[in-house]
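Trainee: pasting a predicted model and its sequence here:
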Amino acid sequence: MRLLIIVLCLILISCSDEKIRPIVEDDASKTEIPSHESWNSKITFTTEGRLKAVLFSDHLKKYEQQKVTLLEGVKIHFYNSEQQVTTTLTSLRGKVDDITMDMYARDNVVAVNDSGTVLTTQELKWTNATEKITTDKFVSIKSTKEIIEGYGLESDQNLHNYVIFNVTYSAAANQKKK
């Protein structure tokens with residue numbers, strides 16, 4: 001008899017109106033799968049038929065809802081008005097804003113221009129509309145004339161005209177760092 005009462009109680013408890021709702025994650029960045037995915041990809045940036053940059057990526061994932069393309073193994077060539085490569089940038093990872101076409105490079109970012117100037121940092125942004133490179137992270141620039149280190153940078157994409165905002169070290173290129 002006791003067993004029958006226990007079974008009836010369990011049945012009554014399980015027949016309540018309250019339903020258990022599954023937890024649904026509404027953050028698309030965690031649940032969205034790429035709409036396109038490719039390997040050894042090439043993206044060309046142009047304005048009015050003028051070549052501005054060509055981006056190569058070992059692995060590319062495009063997300064339609066977020067309007068973003070994520071990149072792994074990044075290499076980008078920047079071009080001048082004569083369609084010649086002036087700067088080459090590499091990084092382990094990157095991202096392209098599919099609306100503005102701005103590019104973000106992250107992890108072991110190295111940019112080398114046609115004069116031999118080398119920029120190293122961990123993160124930077126290339127703004128498509130202005131063709132400027134910016135970062136607020138630590139940067140190091142080594143040229144034939146100077147070595148400059150500091151935090152924050154704004155430069156043209158050719159690394160010819162640059163400003164480091166918070167300089168922590170500066171020396172002529174032939175001096176040794178102490």
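Mentor: Cool, got the structure. Note that the structure is predicted; figures quoted are calculated from it, not measured.
Trainee: make it CA atoms for all contacts and neighbour counts henceforth
Mentor: Noted.
Trainee: where does this protein have its least confident helix or strand?
Mentor: Least confident element among the helices and strands of the chain, by mean pLDDT, DSSP states H and E: helix 28-31 (a mean of 54).
Trainee: ok, the next helix or strand after it: who's next to it in the sheet?
Mentor: Where DSSP states H and E defines the elements, the next helix or strand beyond helix 28-31 is strand 36-47. Strand 36-47 sits in its sheet next to strand 50-63 (antiparallel), going by DSSP bridges.
Trainee: partners of the helix or strand following the strand it pairs with in the sheet?
Mentor: Next in sequence after strand 50-63, counting helices and strands by DSSP H and E, comes strand 68-79. Using DSSP bridges, the strands paired with strand 68-79 in its sheet are strand 50-63 (antiparallel), strand 85-97 (antiparallel).
Trainee: would you mark the buried spots in the longest one?
Mentor: Taking 16 or more other CA atoms under 10 Å as the neighbour-count basis, strand 50-63 is seen to contain the buried residues 51-63.
Trainee: residue contacts, the nearest residue to residue 60 once chain neighbours are set aside?
Mentor: Leaving aside its chain neighbours, residue 60 sits nearest to residue 71 (4.7 Å; criterion: CA to CA, 6 or more residues apart in numbering). Residues counted as contacts of residue 71 (CA atoms under 8 Å, 6 or more residues apart in numbering) are 57, 58, 59, 60, 61, 93, 94, 95, 96.
Trainee: could those go into a markdown table alongside distance to residue 132 and pLDDT?
Mentor: Output for these, formatted as a markdown table (distance: CA to CA, whole Å; pLDDT from 0 to 100):
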| residue | distance to residue 132 | pLDDT |
| --- | --- | --- |
| 57 | 21 | 94 |
| 58 | 24 | 96 |
| 59 | 25 | 95 |
| 60 | 23 | 93 |
| 61 | 25 | 93 |
| 93 | 19 | 95 |
| 94 | 16 | 94 |
| 95 | 16 | 93 |
| 96 | 15 | 91 |
